[in-house]
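> Generate a structure from the sequence data that follows.
(chains A, B, C and D)
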Number of protein chains: 2
Amino acid sequence: MPGIDTKDRIVSAAERLFAERGFAGTSLRTVTTKAGVNLAAIHYHFGTKDALLRAVFERRIGPLNAQRLERLDRLEAEGSPTLEAVLEAFLSPIMTLKRDLEGEGLVWSRFIGRVYSEPIEVVETMIREQFEVVGQRFVTAFGRCQPDLSELEVVERLQFIIGVMSHSLIDLNRIGLPAAQQGAGPETLQHMIAFLAAGFRAPSAAKNSHSDANPQPNLPQPPQARAS
Amino acid sequence: MPGIDTKDRIVSAAERLFAERGFAGTSLRTVTTKAGVNLAAIHYHFGTKDALLRAVFERRIGPLNAQRLERLDRLEAEGSPTLEAVLEAFLSPIMTLKRDLEGEGLVWSRFIGRVYSEPIEVVETMIREQFEVVGQRFVTAFGRCQPDLSELEVVERLQFIIGVMSHSLIDLNRIGLPAAQQGAGPETLQHMIAFLAAGFRAPSAAKNSHSDANPQPNLPQPPQARAS
DNA sequence: GTCTATACAGTGATAGAC
DNA sequence: GTCTATCACTGTATAGAC
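All right, here's what the predicted structure looks like:
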C-alpha cells in the first residue's frame, strides 16, 4: 500500500532538512529524494512549499503550546503564581528541547530556531496565529504579577521576553559561538528566568510621565507577537 | 561616463529592495533593473549575491559601530558610567534609526532588521566579524557595572540584551503588530533600557552553586554574538 | 484518490565578444 | 567595464498512469 504515509514521510524529511539548511536553503527535490517520493507528491499533498512549511510547523506547535497552557493552568489552580513560575511555564517547554539531544526534540528545536528567523510571510502568519492562543493568557498572568503595569507595558515587556527566548533558540543552532554554546546547558533557562524576572519587576515608566488620571489607555489588542 | 557610480547605484538599489522584500525575496534581475545596469554588472563588481549583501551591510555598519564606541569612549572619559548609560551607548545608535522616518535611516533600519533574520551563512559571518570590534569593549564596560558577575555571565546577559534589541528591530518592520508598533515610539528605547538594566542587575547565579573558591573560570572567548 | 513523468518560467552564475 | 548568450537549478503546473 504505497502512499499510506507519504505525507508524513515528506513532513519528517522536510523538518530535518529545514532544521539543517533552513527553509530557503532546502529545495523541494532534496525533500522528495530524502523522503523517497516523487517531486509532484509535495504539490499534490501540500500545494506549495510554503504550505509544506506550515504543515511541518503545525505538527508540533500545537502540543508545545498545550504544554505551556497546561503548566499555567496548574500554577493558577494552586493560587497566585510567582513571576518566576509564569516565566518558567512560558519558556520551559520550548527551552528544555535543547537537552533532548538524541530525540526528535533537537530536530524540532533546530527547525523552530531556523524558521523563526526566516523573513517570509508564512512564518509571520503562522506564528501570529498560533500565538493568539496562548498570548492573551500569558499577558493576563504576567499582568497579575505586576499590577502597576498597563496592559500595553505588559505586552511590551512580553515582547522583550520573546526576544530573549527567540535569540536563544537561534543561537543554539549557530556554530562558532563557543560562549553561547557553553551557555546552552540546563542552567541557561534559570539564568534567563532570573534576568527576565528582574527586568519585568522594573517599575512602570508611566509613573513620571504626567500626573493625569488615565495616562495609559487600555488597548484591546492581543499581543500578536512572534512566539511558539 | 557610464559606470562611474554603477557600484554605488547597485548597492543603493539592493539596500532598498532587501529592506522591502528580504534577501531571498529579491532577485538580482530586480536589482539591476532598478539600478539601470546589466545583470552581469553585479557579478563583475561583487562576484556573488552574497557578496552584494555584504557590501550593502558594510557600507553602513562601520559608522554605526563607530558611533557606539564613540559614545562609550565619552562615557568612560567622564568616569565610571552607569549601567543605564552603557546600555544607551550600545542600543541608542541602532534604535534611534526608527525615528528617522523619512531619511535613509529607515531604509537601513529595515534592511538591518530583515538581514538579521536571514538564516544564511554570510549574515552570521558578517555579524560576527563586525561585532568583534565592539563586543569585547562592551563586555568589559558591562562587567565593570556589575563586578560580581563572571565574564561568562556577562557574555550571557549581553546575549539577552542583543536578543531584545534584535527582536525589536525585526518587529519594527512587521506589519499587523499594532501593539508593537505603538511601542515603536521614542520612549521604547527608555523602556528597553529600564527593563534590561533591572535584568542585568539580577544577582549572580553563581552565588548558591557551591562554595568553591573559583566557581566561574574566566573564559577568554569574545562574545561573538549577533549584533550590529 | 494517489502518484509519476515531463515541461515551464524564473533564478544565480559564467564565458566570451566588444 | 559592459553586454549578450547560455548554463544548471529552483518552485510550480499539468497531463496522464494506476
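
> Run through the helices of chain A in chain order.
A:6-21, A:28-35, A:39-45, A:49-77, A:83-95, A:104-116, A:121-145, A:151-172, A:178-182, A:188-200 (DSSP state H).

> what's around A:Ile162, how many residues?
When neighbours are defined as other CB atoms under 10 Å in any protein chain shown, A:Ile162 has 25 of them. Where you see a C-beta, it was placed from the backbone N, CA and C, and this is true even at glycine.

> Test my guess that it contacts B:Ser166.
No: taking CB atoms under 8 Å as the definition, A:Ile162 is not a contact partner of B:Ser166, at 11.1 Å.

> Quick one: low-confidence residue ranges for chain A.
Along chain A, the model assigns pLDDT under 70 to residues A:1-4, A:98-103, A:117-120, A:170-185, A:207-228.

> Output the helices of chain A in TSV; the columns should cover distance to B:Ala198.
Formatted as TSV, the helices of chain A follow (distance: least, CB to CB, whole Å):
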stretch	distance to B:Ala198
helix A:6-21	35
helix A:28-35	45
helix A:39-45	48
helix A:49-77	23
helix A:83-95	12
helix A:104-116	26
helix A:121-145	14
helix A:151-172	10
helix A:178-182	23
helix A:188-200	5
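
> Pick the most deeply packed of those helices.
Of all the helices of chain A, helix A:151-172 has the most neighbours on average by mean count of other CB atoms under 10 Å in any protein chain shown, namely a mean of 24.

> ok, the closest residue to A:Met126 other than its chain neighbours - contacts?
What sits nearest to A:Met126 in space, not counting adjacent residues and going by CB to CB, 6 or more residues apart in numbering or on different chains, is A:Phe57, at 5.3 Å. With contacts defined as CB atoms under 8 Å, 6 or more residues apart in numbering or on different chains, the neighbours of A:Phe57 are A:Phe111, A:Val115, A:Met126, A:Gln130.

> Output the residues you listed in TSV; the columns should cover distance to A:Ala202.
Shown next, in TSV, are the contacts of A:Phe57 (distance: CB to CB, whole Å):
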residue	distance to A:Ala202
A:Phe111	34
A:Val115	31
A:Met126	32
A:Gln130	29
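
> Let me have the residues you listed in JSON lines, adding distance to DNA strand C as columns.
Below are those laid out as JSON lines (distance: CB to the nearest atom of the strand, whole Å):
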{"residue": "A:Phe111", "distance to DNA strand C": "23"}
{"residue": "A:Val115", "distance to DNA strand C": "21"}
{"residue": "A:Met126", "distance to DNA strand C": "24"}
{"residue": "A:Gln130", "distance to DNA strand C": "26"}
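
> gap between A:Leu189 and DNA strand D?
A:Leu189 sits 35 Å away from DNA strand D, going by CB to the nearest atom of the strand, to the nearest Å.

> which ones are touching the closest residue to that residue other than its chain neighbours?
Once flanking residues are discounted, A:Leu189 sits nearest to A:Met95: 4.7 Å by CB to CB, 6+ apart. Shown in contact with A:Met95 (CB under 8 Å, 6+ apart): A:Met165, A:Ser168, A:Leu169, A:Thr188, A:Leu189, A:Met192.

> same question, A:Phe90
A:Phe90 neighbours (CB under 8 Å, 6+ apart): A:Arg68, A:Leu72, A:Phe138, A:Ile161.

> cutoff 10 Å now
Contacts of A:Phe90 were listed using CB atoms under 10 Å, 6 or more residues apart in numbering or on different chains, and they are A:68, A:71-72, A:134, A:137-138, A:141-142, A:158, A:161-162, A:165, A:193, A:196, A:227.

> contacts with DNA strand D among those residues, please.
Contacts with DNA strand D within the contacts of A:Phe90, counted by CB under 7 Å from any atom of the strand: none were found.

> Kindly indicate which of the residues you listed lies nearest B:Val31.
Nearest to B:Val31 out of those is A:Ile162 (CB to CB; 32.8 Å).

> Quick check: the closest one touching A:Met192?
No: the criterion here is CB atoms under 10 Å, and A:Ile162 misses it with A:Met192 at 11.8 Å.

> shared neighbours, the two?
With CB under 10 Å, 6+ apart as the test, A:Ile162 and A:Met192 both reach A:Leu91, B:Gly163.

> hmm, back to that, from the contacts of A:Phe90, which is closest to DNA strand D?
A:Ala227 (25.8 Å; CB to the nearest atom of the strand).

> A:Thr140 versus A:Val155, what's the distance?
11 Å (CB to CB, to the nearest Å).

> what do you get for A:Arg71?
Counting by CB to CB, the gap from A:Arg71 to A:Thr140 is 15 Å.

> go on, A:Arg59?
On the measure of CB to CB, A:Arg59 and A:Thr140 end up 28 Å apart.

> Likewise for A:Pro186?
29 Å.

> try A:Leu87
Taken as CB to CB, the span from A:Leu87 to A:Thr140 is 14 Å.

> Likewise for A:Val31?
40 Å.

> Ok, A:Ser166 next?
22 Å.

> Over to A:Gln67?
A:Gln67 is 18 Å from A:Thr140, by CB to CB.

> for A:Gln190, same thing?
24 Å.

> again, but for A:Ala55
A:Ala55 is 31 Å from A:Thr140, by CB to CB.

> same question, A:Met95
22 Å.

> next one: A:Ser109
28 Å.

> got it, and A:Gly25?
With distances taken as CB to CB, A:Gly25 is found 39 Å from A:Thr140.

> Kindly report the same for A:Asp8.
Remark: distance between A:Asp8 and A:Thr140 (CB to CB) = 37 Å.

> repeat for A:Leu69
A:Leu69 is 12 Å from A:Thr140, by CB to CB.

> ok, is stretch A:71-86 in contact with chain B or not?
No: Stretch A:71-86 lies out of reach of chain B by CB under 10 Å from any CB of the partner chain, never closer than 11.1 Å.

> Can you get me the start-to-end distance on that stretch?
9 Å (CA to CA, to the nearest Å).

> Work out the gap between it and the centre of the chain.
Centroid displacement of stretch A:71-86 relative to its chain, using CA atoms, centre = their mean, to the nearest Å, is 20 Å.
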